[in-house]
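A.B. asks: missing the sequence, but the structure's below:
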């Protein structure tokens with residue numbers, strides 16, 4: 001499959017037109033590779049380490065969830081990470097393509113993958129954006145779990161380096177309805193509270209957002225940005241493998257930019 005055909009297939013499923021106005025979905029760098037046979041490296045975040053991995057693996061496409069370029073560039077200078085990524089992309093003919101908020105909304109995207117990991121049933125979006133699309137997911141646990149069991153499940157299945165949750169007087173509280181949203185989802189606390197969810201799994205939550213969540217009788221669970229979105233990258237690899245591409249691999253150089261001192 002040529003790169004142009006892969007992108008056409010993907011955009012028919014997760015249209016970049018669904019991208020939020022503040023976001024940057026689609027091609028970040030396209031150095032004239034559309035007619036090449038696809039060798040794709042999938043990652044969460046396009047970094048210099050991922051680029052070096054792509055070069056070593058003779059890949060010609062880095063397919064990322066996070067955009068390389070968020071804001072309009074005012075300059076490209078030697079020693080800057082984005083400038084170096086651009087230089088290497090054109091030197092080695094490696095494209096960089098991003099699926100961000102369009103991939104967050106679509107069926108079988110980041111939110112659905114997270115809901116499947118927790119085995120949620122009767123799943124619906126936290127916030128509907130258009131027919132069949134929306135941000136986050138909320139559903140039922142079957143069987144119900146105690147809060148302690150839910151936290152243990154998240155720790156086992158997502159393996160976050162640090163799992164943070166709201167103060168709770170009773171870890172044996174029964175949890176039946178859970179909401180999930182990969183990446184930075186604290187802005188949806190109010191919407192989640194209206195769904196009747198008892199617990200909300202997301203990431204990048206601030207101090208007072210845990211307070212807000214507690215005040216709304218919602219248990220906020222922060223498993224970190226990397227842990228909540230990286231599984232969706234693995235799902236993308238599986239989808240690409242079903243297309244019988246020449247070569248596709250999940251990056252081994254993807255990074256969680258947070259570390260915790262033991």
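C.D. replies: In hand now; what should we look at? Everything numeric here is computed off the predicted structure, so don't read it as measured data.
A.B. asks: what strands flank the longest strand seen in the chain, and is each parallel or antiparallel?
C.D. replies: Counting residues, the longest strand found in the chain (DSSP state E) is strand 133-146. Sheet pairing of strand 133-146 (DSSP bridges) gives strand 120-130 (antiparallel), strand 174-184 (antiparallel).
A.B. asks: can you pull the buried residues of it?
C.D. replies: 133, 134, 135, 136, 137, 138, 139, 141, 145 (16 or more other C-beta atoms under 10 Å). To be clear about C-beta, it is placed using only N, CA and C from the backbone, and glycine gets the same treatment.
A.B. asks: and for stretch 24-44?
C.D. replies: Those would be 24-26, 28-30, 33-34, 38-44, for stretch 24-44 by 16+ other C-beta under 10 Å.
A.B. asks: how long is stretch 116-123 from one end to the other?
C.D. replies: Distance across stretch 116-123, first residue to last, is 9 Å (C-alpha to C-alpha, to the nearest Å).
A.B. asks: next one: residue 151 from residue 86, what distance?
C.D. replies: 42 Å (C-beta to C-beta, to the nearest Å).
A.B. asks: how many residues are close by residue 208?
C.D. replies: Residue 208 has 9 neighbouring residues, counting by other C-beta atoms under 10 Å.
A.B. asks: quick one: residues contacting it.
C.D. replies: If a contact means C-beta atoms under 8 Å, 6 or more residues apart in numbering, then residue 208 has no contacts.
A.B. asks: where along the chain do the helices fall?
C.D. replies: 3-13, 48-56, 81-92, 101-105, 110-117, 147-158, 189-193, 207-215, 225-241 (DSSP state H).
A.B. asks: so what touches the last one?
C.D. replies: Think helix 225-241. 6, 40, 42-44, 63, 65, 99, 103, 108-110, 113-114, 117, 158-161, 180-184, 201-204, 248-251, 254-258.
A.B. asks: give me that answer again for 7 Å
C.D. replies: Applying C-beta atoms under 7 Å, 6 or more residues apart in numbering, the contact partners of helix 225-241 are 40, 42-44, 63, 65, 108-110, 113-114, 117, 158-160, 182-184, 202-204, 248, 250, 254, 256.
A.B. asks: ditto for the first one
C.D. replies: Under the contact criterion C-beta under 7 Å, 6+ apart, helix 3-13 has outside partners 33-36, 38, 60-61, 95, 97, 99, 106, 243, 245.
A.B. asks: is it true that residue 249 touches residue 39?
C.D. replies: No - if you go by C-beta atoms under 7 Å, residue 249 and residue 39 don't touch, sitting 8.8 Å apart.
A.B. asks: from residue 157, how far out is residue 93?
C.D. replies: 38 Å.
A.B. asks: with adjacent residues omitted, what lies nearest to residue 98?
C.D. replies: Distances taken as C-beta to C-beta, 6 or more residues apart in numbering put residue 67 closest to residue 98, at 4.4 Å, once the chain neighbours are dropped.
A.B. asks: burial count for residue 75?
C.D. replies: 7.
A.B. asks: distance check, it against residue 86.
C.D. replies: 12 Å.
A.B. asks: pull the number of nearby residues for the residue nearest to residue 223 when sequence neighbours are not counted.
C.D. replies: Spatial nearest neighbour of residue 223, chain neighbours left out: residue 160 (4.1 Å); criterion: C-beta to C-beta, 6+ apart. By the other C-beta under 10 Å criterion, the neighbourhood of residue 160 contains 21 residues.
A.B. asks: the one 3 residues further on too?
C.D. replies: Residue 163 is flanked by 17 other residues according to other C-beta under 10 Å.
A.B. asks: ramachandran coordinates for it?
C.D. replies: phi -110, psi 120 (degrees, to the nearest 10).
A.B. asks: isn't it up against residue 220?
C.D. replies: No - between residue 163 and residue 220 there is no contact, the gap being 11.6 Å when judged by C-beta under 7 Å.
A.B. asks: gap between the residue of the chain most remote from its centre and residue 176?
C.D. replies: Within the chain, residue 169 marks the point farthest from the mean C-alpha position, 31.4 Å out by C-alpha atoms, centre = their mean. Per C-beta to C-beta, residue 169 is found 18 Å from residue 176.
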